[in-house]
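Asks: here is the input, now give the coordinates:
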Amino acid sequence: MIFDRVLDELGAAIVDRTLPPGHTESIDGFVARTGASRSIVREAVRVLVGLGLLSAGRRVGLRVLPEASWDVLDPRVIGWRTAGPDREVALAELRALRRAVEPAAAAAAAARVADAPRAPDGPSVAGLEALLAVADRLATATGPDDAATFLQSDRDLHRLVLELSGNAMYRRLHRVVARALDERAGIGPDAHDVGLHVALVRAVANGQPDAAADAMREIITRTAD
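Replies: Got it, this is the predicted structure:
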């Protein structure tokens with residue numbers, strides 16, 4: 001779509017500092033830069049303002065904002081950062097966020113399973129069944145042609161763990177985690193990685209918080225290798 005191209009072109013230009021902080025521009029200037037219609041450019045600008053990459057003022061027009069203003073947890077901003085000169089910094093920050101959140105989420109999910117007989121707000125049976133089904137898919141995704149299947153199943157697994165944690169803020173991070181996992185697209189599954197994911201699911205399903213956190217922590221650590 002033309003809109004997506006324009007949004008990506010302008011977003012990437014801001015993130016890679018082709019359009020540096022403080023740069024001012026007009027809608028007509030962006031029309032000339034992208035070759036798109038005014039209506040499409042206006043819509044792209046609206047999104048970029050919402051993401052904190054641009055500000056709009058009656059007298060100054062459009063102004064590029066510094067990184068401190070960006071919504072760095074939005075998957076689109078993550079994508080522009082990982083495709084730009086700050087790629088390694090962005091990936092390191094993603095791993096640090098995941099290390100801080102996902103082991104705690106896995107432990108919380110397992111604790112909710114352990115407390116389920118006494119807690120009416122415990123994880124749903126459907127959620128656990130979905131997690132176990134994902135583990136089954138991962139266990140069979142061990143061939144050289146299974147990279148796409150493994151990636152989708154991996155995305156599903158991490159999303160379900162965040163959901164099963166019962167923490168609304170953890171759940172909101174599932175798109176960030178999915179975007180981080182996309183960086184490994186095309187990498188064939190490793191048998192040890194598959195085993196770690198299966199062990200994580202078993203620890204959650206068996207109500208073992210420490211084992212779940214340890215498995216998740218090792219999974220994240222291995223993504224840096």
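Asks: just want the most central residue of the chain.
Replies: Val176 (1.9 Å; CA atoms, centre = their mean).
Asks: and it, how close does it get to Arg33?
Replies: Distance, Val176 to Arg33, using CB to CB, to the nearest Å: 29 Å. Heads up, the C-betas are built off the backbone N, CA and C, glycines and all.
Asks: one more: Leu196?
Replies: 46 Å.
Asks: so for those two, which residue has more residues nearby?
Replies: Leu196 (19 against 16; other CB atoms under 10 Å).
Asks: can you tell me the closest non-neighbouring residue to Pro85?
Replies: Spatially, and ignoring its direct neighbours in sequence, Pro85 is nearest to Asp16 (5.8 Å; CB to CB, 6 or more residues apart in numbering).
Asks: pull the CA atoms of the helix or strand Leu160 falls within into PDB?
Replies: Element membership for Leu160 (DSSP states H and E) is helix 147-164. Coordinates of each C-alpha in helix 147-164 appear next as PDB, following Å, rounded to 0.1, in the frame of the first residue of the first chain:
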ATOM      1  CA  ALA A 147      11.800 -22.000  10.400                       C
ATOM      2  CA  ALA A 148       8.500 -20.300   9.600                       C
ATOM      3  CA  THR A 149       6.400 -22.800  11.700                       C
ATOM      4  CA  PHE A 150       8.800 -22.400  14.600                       C
ATOM      5  CA  LEU A 151       8.700 -18.600  14.400                       C
ATOM      6  CA  GLN A 152       4.900 -18.500  14.500                       C
ATOM      7  CA  SER A 153       4.600 -21.000  17.200                       C
ATOM      8  CA  ASP A 154       7.300 -19.100  19.200                       C
ATOM      9  CA  ARG A 155       5.300 -15.900  18.800                       C
ATOM     10  CA  ASP A 156       2.200 -17.700  20.100                       C
ATOM     11  CA  LEU A 157       4.000 -19.300  23.000                       C
ATOM     12  CA  HIS A 158       5.400 -16.000  24.300                       C
ATOM     13  CA  ARG A 159       2.100 -14.200  23.800                       C
ATOM     14  CA  LEU A 160       0.200 -17.000  25.800                       C
ATOM     15  CA  VAL A 161       2.700 -16.900  28.600                       C
ATOM     16  CA  LEU A 162       2.300 -13.100  29.000                       C
ATOM     17  CA  GLU A 163      -1.500 -13.500  28.900                       C
ATOM     18  CA  LEU A 164      -1.400 -16.400  31.400                       C
END
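Asks: show me where the chain has its helices.
Replies: 2-15, 27-34, 38-50, 75-82, 87-115, 125-140, 147-164, 168-172, 174-182, 191-205, 209-222 (DSSP state H).
Asks: would you single out the least confident of the ones you listed?
Replies: Ranked by mean pLDDT, the helices of the chain end with helix 125-140 at the bottom, a mean of 88.
Asks: now for it, which elements pack on it?
Replies: Judged by 3 or more CB pairs under 8 Å, 6 or more residues apart in numbering; DSSP states H and E, helix 125-140 is in contact with helix 147-164, helix 191-205.
Asks: can I see the domain layout of the chain?
Replies: For the chain, automatic domain parsing gives the domain ranges 2-76, 87-222.
Asks: gap between Asp28 and Ser55?
Replies: For Asp28, the distance to Ser55 - CB to CB - is 18 Å.
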